[in-house]
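# Please find the sequence and the predicted model below.
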Amino acid sequence: MNQNISASFRPGSRKYNSTIMNLETLRQYCLKKQDTGEDFPFDDETLVFRVRGKIFALTSIYDRPLTVNLKCDPELAMELRERYEEVRPGYHMNKKHWNTVTLDGSLSSKEIFSMVDHSYELVKKGARKTERRTPGKNGKSPRRAIR
């Protein structure tokens with residue numbers, strides 16, 4: 001496991017954190033990042049955060065407790081699922097690469113923001129690779145990466 005990645009996710013206090021992250025806090029944090037945007041591409045309930053057009057986080061605006069799907073390095077994803085009961089395989093996502101995180105106050109904001117940062121960086125790095133492809137005659141990439 002990459003030590004730099006796992007260092008961000010050191011186990012914190014397992015006491016109940018009295019501050020439950022809300023949708024607006026998560027939204028503001030995601031949108032502070034460079035080249036990000038938000039939209040509702042699936043329905044009027046699923047809020048998606050993108051970096052350079054690629055999804056790095058999504059959440060239902062009505063779920064309580066709030067949950068968020070975040071991309072994750074597969075090895076780290078397994079480690080986080082074992083460490084935290086609030087982290088499970090991504091709902092409606094590729095379970096190897098995505099986690100669903102429940103924001104019920106059990107995880108600290110620092111831990112959640114570290115997971116958001118990790119997802120953002122993974123997707124941003126992947127978006128750079130996509131941008132380097134040469135477009136075909138119709139302006140679209142000749143191949144699309146399967147993730």
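That came through fine.
# wait, what's in contact with Leu70?
By CB atoms under 8 Å, 6 or more residues apart in numbering, the residues touching Leu70 are Phe56, Ala57, Gly90, Trp98, Asn99, Val101, Met115, Val116, His118, Ser119. No exception for glycine: its C-beta is placed from N, CA and C like everyone else's.
# brain fart, Phe40
By CB under 8 Å, 6+ apart, the contact list for Phe40 reads Thr46, Leu47, Val48.
# show me where pLDDT drops low in this structure?
Under the criterion pLDDT under 70, the flagged ranges of the chain are 1-19, 129-147.
# pull the longest helix from it.
Across the chain, the longest stretch assigned as helix under DSSP state H is helix 109-131.
# residue ranges of the strands in this structure, please?
In the chain, the strands defined using DSSP state E lie at 36-39, 46-51, 54-60, 66-71, 87-89, 98-103.
# Dump these into TSV; add distance to Tyr29 as well.
TSV is the format used below for these (distance: least, CB to CB, whole Å):
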stretch	distance to Tyr29
strand 36-39	10
strand 46-51	9
strand 54-60	9
strand 66-71	10
strand 87-89	18
strand 98-103	12
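# isn't Thr102 right up against Thr67?
Yes: contact criterion CB atoms under 8 Å: Thr102 and Thr67 qualify, at 5.2 Å.
# hmm, back to that, who wins for proximity to Glu79 among the strands of the chain?
Proximity to Glu79 (CB to CB) singles out strand 87-89 among those, at 9.4 Å.
# Report all helices and strands that that closest one contacts.
helix 74-83, strand 98-103 (3 or more CB pairs under 8 Å, 6 or more residues apart in numbering; DSSP states H and E).
# Given it, what are its sheet partners and their directions?
strand 98-103 (antiparallel) (DSSP bridges).
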